[in-house]
Structure formats: C-alpha cells, structure tokens
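Engineer: Any chance you could fold what I've pasted below:
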Amino acid sequence: MRKNPSSLPPPLPPLSPPSFSSSPPLLHSTISAWSLSSGHQTDLLLRVQGTCFRLHKDRIISRSSYLKRHLTNLTEFTLSPPLNITPHTFAAIAEFCYSSRVHLTPNNVAAIRTAAGLLGMTDSRGYDGENLCHVAESYFNRIVGIDQEYASVVLRSCMALLPEAETTASLVSRCIEALVWDDYDGHDIDATCLNVVVEIRPQDFQSVVDSINARLPHHDVLYRMIDLYFKENKNGKLTEEQKSQLCNSIDCTKLSPPVLMECVQNPRVPLRFIVRAMLVEHLNTRRSIAVAAAASGGNQQDERESLGDILRRDSARRQTAQLKEAMDSTCSRIQSLEKELNGMRKILLDHHAADAEQQERKLNALNSERSASFHVMPAAAEERKIGRGGRGSVSSSALMYDGESGTPRMTKSLRQRLMSGLKNAFHRKSL
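Structural biologist: Residues are numbered from 1 along each chain as shown. Below you'll find the model as predicted:
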C-alpha cells in the first residue's frame, strides 16, 4: 500500500556551507576564483577552533611545511593547541596562500608573524621570492622602528600570544627594545612604557628576560623591567626561586653606575643579587680610584701644567672623593645587612632554644604524671580494695591499724568467731 505523499516527512534541507572567520566574502571569492581557474574543487576541510575552512590542499601545503607534514594522506584536519592560532588569523593566512597578499596592521602583525612561524611558512620558492614570515617580519621592523606608539600597540597584542610570540620571533623583547632604546642615555630610563609587562605570567616573563639579556649590550633596561615586575607582583605571585632566576639574567658589569648603586639599595631584589652588585661596585670603584690617582700623580710630575691639566686634575680629585663616598655608602649597606642577618640568626636561635625548653618541660611533666599513676593509689580506690577483701580475705579484713601505736589489731567480730569455733570444737571432742 502506497503512502499518501502528504504523510511523508519533509525532505532534509541541503547542507549549509561551513562558516568562515575574518572576511568570508573576500576569502570565499578568492577560493571560488581559484576553483574556476584550476578546474579543481576544494578537497580539504580544515578546522580552527570550531570554524571550518574548505580549501585546496595543494595551495596550503605548498606554503606551509607544517601542514605538508600533517596533510599528506588526510582530507580533514584540525589545528589545535599548542598552536596558538585563531580563525581570524588563519583566514588571513589562507588568503596569502592563494593570492600572496595579506592585510597587515599593528594589531594583527604579531599574530600573523607568530602563526607563520608555527606553520613553517618560510619557503619562498616559486612565489616571487616572498613568504609570509618575510612579509610579516618586514612590516614589523618598519612600523616598530619608526613609531613608539605602534610599538606599544604591537607589544600589547603580543600578550595573548605568549609564549609563542617570543619563542618563534622574539617579538616582545624586540618591542621593548624599540620602546626604551631610543630614550636610553646611559643614566636613566623611563620604564612607564613597560607597564604592560606586569601582566605576563612568570614563566613567560622569564623567556622574555632571557631574550633581552642576549639582545641588549646594556642591562639598565633589563633591571628596570625586572624591578617593575617585582614591584607590581609583591603579593606572593613570585617565589624566591623565581626572583633569583630573573635576577641571574642581569649582568651587573653591564649596569651604569647610578643603576648599580640603586641595585645595592633596592629591598625588592634578592640578597644574593645585592651582594653581587656590591662586589661589582667595589671593583669599579677601586679601578676608578686607581686611574684617578695615576692621573693626578702624572700631572704633579709635570712642572709646567696647562690650565686644561689643572682642570682635569681637579676633576679627577672630585671623582675620587665621590667614589670614596659611594664606597662608604656601600660599606654601610653591607654592615646593615650583616646586622639584619645577625638579628635574624639570633631570633632563630632563641626560637629554637625556647622550643627545646618547652619540649623539655612537657616531657618532665609527662614523666611525673606517669610516675604518680604507678606509685600512688587514691584513697577511694584503697577503700574499695579493702571492702572487696573483707568478703574472704583474712589478710585484708582481719587486720586493723591502731591509731596510736600503728600496730595491727584483730577486730572484735573476728575474735568472737574464733572463740565460738574453739568452744564448738572442744564440745565435739568431749562427746
């Protein structure tokens, strides 16, 4: 029996095309144009954080060594962590794979440069000598090097891309270098532009610090940045071990004299780093004093001194006096630290002694209680024992202690029972 057509379920709707992030019309038109020109339809379904991209496999693997390794025998693939790539960023990358064009801005150059590095988009053979890493790198250097405002925008955009933004292309450290190096005069650095670094996680901040250590010939910038990080994370976010690791990245011999003096007086840095800075400061001070003394002695041997020689000698003397003053300040700082350490050591020793004394008192009290429990019997317990013994024990009920003489005596009831027993025995015997 044939069913009524009206009773049949409605036909299924056609499958909707996958959604695209970024600019769907532009990317979709680019892919469609490529399909018409090549005569091939899309043969790859690639997912990025839940968004689907239908692409031509040969166009993608020809530009990305990473995808070439993973898509050789696949028609579907998912880009998942640890790849830090968003659908919006991948849409721009896919556009470049088809047209060799990419729209770069200060807000997206860090994301595209990082993604290009993760995907291995460094091969330029057959594509006009350009690859995405090179294009993004050129744009980054151009805008970061000419405008600090652009460098700040790129630096802020890198925060969500760590640690990949630093491990693939050192983007964070290069932005910091561009922000502070132009203003560096060997004496002072404005670290307010680095406030964004306090948002970095400690493990990511360590990688940025290591990169800056290898890039900068002077470490004043590095010290300012680490000190700012300590100042803004003073509520227990950093452990002492993490602080020590960060300070180990600072080369005290690459610090300017004012910054080195500041390190010695800084209570936020670990004590080990303070001692290292003091040693370097003493070494520099002694070297400067020796040079100044040699210059002064040489001028004194010259009988015919010019005005310039006299001025240089006076300047050397003033510098020597300043260096001696700095050395005295450093010695005072060392003495105060030694006093603090001795005070802390005394507090610890007193605390341990008090604990030991308290433990000894507790042990003695416990031993006394145990001794009393074994050798002292309460009066009530003694009376109960005597009462129990009166039921059948002659030794406990027949003897009583005389209050005056302290000698035991027989109770009256017992004496009467003995006399009665003897009388009965003699009576039976007489019978």
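
Engineer: Give me the three-state assignment for N73.
Structural biologist: coil (DSSP: H, G, I helix; E, B strand; the rest coil).

Engineer: quick one, what contacts the residue nearest to C158 when sequence neighbours are not counted?
Structural biologist: Using Cβ to Cβ, 6 or more residues apart in numbering and skipping the chain neighbours, the partner closest in space to C158 is A165 (4.4 Å). Heads up, the C-betas are built off the backbone N, CA and C, glycines and all. By Cβ atoms under 8 Å, 6 or more residues apart in numbering, A165 lies in contact with 110, 114, 158, 171-172.

Engineer: Among the residues you listed, which lie within helices?
Structural biologist: Of the contacts of A165, the ones assigned to helices by DSSP state H are 110, 114, 158, 171-172.

Engineer: Now the buried members of these.
Structural biologist: Among those, those buried by neighbour count (16 or more other Cβ atoms under 10 Å) are 110, 114, 158, 171-172.

Engineer: quick revisit: max pairwise distance over the contacts of A165: which two?
Structural biologist: Largest separation among those by Cβ to Cβ: T114 and V172, giving 10.7 Å.

Engineer: Relative to L337, how far out is K346?
Structural biologist: 15 Å (Cβ to Cβ, to the nearest Å).

Engineer: Looking at these two, which has the bigger crowd around it?
Structural biologist: A side-by-side neighbour count of K346 and L337, using other Cβ atoms under 10 Å, places L337 first with 15 against 10.

Engineer: ok, the more buried one touching P267?
Structural biologist: No: applying Cβ atoms under 8 Å, one finds L337 not in contact with P267, separated by 10.4 Å.

Engineer: List phi and psi for N108.
Structural biologist: N108 adopts backbone torsions of phi -120, psi -10, taken as degrees, to the nearest 10.

Engineer: show me the contacts for it.
Structural biologist: Here N108 is in contact with 88-89, 92, 157 (criterion: Cβ under 8 Å, 6+ apart).

Engineer: 10 Å - rerun?
Structural biologist: Contacts for N108 (Cβ atoms under 10 Å, 6 or more residues apart in numbering) come out as 22, 86, 88-89, 92, 102, 115, 136, 154, 157.

Engineer: Looking at these, which two lie furthest apart in space?
Structural biologist: Within the contacts of N108, S22 and V154 form the most distant pair, 19.4 Å apart (Cβ to Cβ).

Engineer: For these two, work out which one has more neighbours and name it.
Structural biologist: Neighbour count, other Cβ under 10 Å: between S22 and V154, V154 has more, with 26 against 19.

Engineer: Can you tell me the element the more buried one falls in?
Structural biologist: helix 148-158 (DSSP states H and E).
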